[in-house]
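S.K.: sequence first, predicted coordinates after that:
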Amino acid sequence: MTAPLVTILDDEAEIRQMLTEVLEEAGFRTQSFARAREFEAALNRVAPDVCLVDLSLPDTDGLALVHRLALERGAAVIIISGRAQVQDRVTGLELGADDYITKPFEPAEVVARIRARIRSSRPAQPAGNTAHFNGWTAHFDRYALEDDSGAETPFSHAEGEVLRLFLESPKRLISRQQMQESLGGAAGESFDRAMDVRISRLRTKLREDPKNPRLIKTIYGAGYIFLGDVRWG
């Protein structure tokens, strides 16, 4: 079985070298880049399992890049940044990142976070990559929601993880703790805010009434319930 591929985008040569050595020793394949242009060009040739992205890049806005990756690529995106403010972490997660690690960091933590993301992205999925519910079809192979007219709306990798969690457990309460355990990431304000944003975006894409959603119901103080009738395959 081919080892997972991790791409590293950071303009600091020392960090790229350190991450490359640590990750390859842990059994991953790696590719590293100092510029966003080279990184995005490489994504046309390879499909990484995880992208490590620094926000302070010399040739592009790191947050805008993270947002494009989340919407257009299937890889999990982990931000590695010296920006340690809560709002920076929240913004990164809101824009579609799957996790956020602040500098300076312990190399072992990066390895653990990557392994957690890969595990959550590769659960046993006997049902397949297509789910039908209430006039919608979710295509997890290309990250798109299709309505009954055939029109498609893209969703990010992070939004897809939340949607799959709902579709695999319809009409069952899913608590915040269960979401954190299933999706990975550190519990706390950043995770809760990120989940709120992802669920809000899913409701918008499913054309839900925000005041009275039919499919994704909030059970205040307890969690969420997905009320659709789901058929896989």
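M.R.: Structure's in. What do you need? Residues are numbered from 1 along each chain as shown.
S.K.: mind listing the strands for this structure?
M.R.: Under the criterion DSSP state E, strands of the chain are mapped to 5-9, 29-33, 50-53, 76-81, 99-102, 130-133, 136-139, 144-146, 152-154, 216-219, 223-226, 230-232.
S.K.: Met195: which of the ones you listed is closest?
M.R.: Closest to Met195 of the strands of the chain is strand 223-226 (Cβ to Cβ; 8.8 Å). Bear in mind the C-beta positions are built from the backbone N, C-alpha and C, glycine included.
S.K.: what packs against the helix or strand of the chain with the lowest mean pLDDT?
M.R.: None of the helices or strands of the chain scores lower by mean pLDDT, DSSP states H and E than helix 86-94, at a mean of 80. Contacts defined by 3 or more Cβ pairs under 8 Å, 6 or more residues apart in numbering; DSSP states H and E place helix 86-94 against helix 62-72, strand 76-81, strand 99-102, helix 189-205.
S.K.: what's the domain layout of this structure?
M.R.: Following the assignment in automatic domain parsing, the chain carries domains at 5-121, 130-232.
S.K.: residues contacting the most far-flung residue of the chain relative to its centre?
M.R.: Centroid-distance maximum for the chain: Ser149 at 27.6 Å, with Cα atoms, centre = their mean. When contacts are counted by Cβ atoms under 8 Å, 6 or more residues apart in numbering, Ser149 touches no other residue.
S.K.: how close does it get to Glu159?
M.R.: Ser149 sits 21 Å away from Glu159, going by Cβ to Cβ, to the nearest Å.
S.K.: also Ala194?
M.R.: According to Cβ to Cβ, Ala194 stands 10 Å off from Glu159.
S.K.: what's the most buried one of the domains of the chain?
M.R.: Most buried of these by mean neighbour count (mean count of other Cβ atoms under 10 Å) is domain 5-121; its value is a mean of 18.
S.K.: Gln180 against Ile174, yeah?
M.R.: No. The criterion here is Cβ atoms under 8 Å, and Gln180 misses it with Ile174 at 10.7 Å.
S.K.: hang on, the earlier thing: redo the strands of the chain as CSV? Include distance to Arg164 and mean pLDDT.
M.R.: Output for the strands of the chain, formatted as CSV (distance: least, Cβ to Cβ, whole Å; pLDDT from 0 to 100):
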stretch, distance to Arg164, mean pLDDT
strand 5-9, 22, 97
strand 29-33, 26, 97
strand 50-53, 18, 95
strand 76-81, 13, 91
strand 99-102, 17, 90
strand 130-133, 8, 96
strand 136-139, 8, 97
strand 144-146, 12, 96
strand 152-154, 15, 94
strand 216-219, 13, 91
strand 223-226, 11, 91
strand 230-232, 10, 94
